[in-house]
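> Got a sequence here, can you build the structure:
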Amino acid sequence: MTGWSEVLEKLNRTVRAAYLDAQPEVDGSMLVLWFRYGFHHKKAQEQSAQLMPHVRAWLGDDVKIDYRLRDTETSKPGPRSASPEDDPFVREIVKRFDGRVTRVKEVSE
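I've put the predicted structure just below:
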């Protein structure tokens, strides 16, 4: 979605990291952002004041944003296609701090 990628480019890197995982859907004057992870879902809502002006410039002043978390508990578990190191948020943090992932610990949210 071209407009969404342009919105992301206007955000600073810290704020952008919360939205990298979002899957946008536009429905009239509603922008629905779907998140796979509760952490990103929460951080994105906390950063909404940074996002809103850019979304208004893209979709108009009447736009509303709906932050939704995908229900992964009820979806059937499939093979893990990506490691935690491939997560966009993790990649952004590793890049920013010029670090590397040394250990991955699964935690429940």
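> what's near enough to touch the most centrally placed residue in the chain?
Nearest to the mean C-alpha position of the chain, by Cα atoms, centre = their mean, lies residue 19 at 2.7 Å. Counting by Cβ atoms under 8 Å, 6 or more residues apart in numbering, residue 19 touches 8, 11, 33, 40, 44, 47, 51. For the C-beta atoms, the positions are set from N, CA and C on the backbone; glycine is no exception.
> where's the closest residue to residue 66 other than its chain neighbours, which helix or strand?
Distances taken as Cβ to Cβ, 6 or more residues apart in numbering place residue 32 nearest to residue 66, at 4.7 Å, with adjacent residues excluded. Assigning secondary structure by DSSP states H and E places residue 32 in strand 30-35.
> Convert the C-alpha atoms of whichever helix or strand comes after that strand to PDB, please.
Downstream of strand 30-35, the next assigned helix or strand under DSSP H and E is helix 38-46. What follows is helix 38-46, C-alpha atoms only, in PDB (Å, rounded to 0.1, in the frame of the first residue of the first chain):
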ATOM      1  CA  GLY A  38       0.600  -7.600  21.500                       C
ATOM      2  CA  PHE A  39       3.700  -5.600  22.100                       C
ATOM      3  CA  HIS A  40       3.600  -3.800  18.700                       C
ATOM      4  CA  HIS A  41      -0.200  -3.300  19.100                       C
ATOM      5  CA  LYS A  42       0.300  -1.600  22.500                       C
ATOM      6  CA  LYS A  43       3.300   0.500  21.400                       C
ATOM      7  CA  ALA A  44       1.600   1.600  18.200                       C
ATOM      8  CA  GLN A  45      -1.400   2.900  20.200                       C
ATOM      9  CA  GLU A  46       1.000   4.800  22.500                       C
END
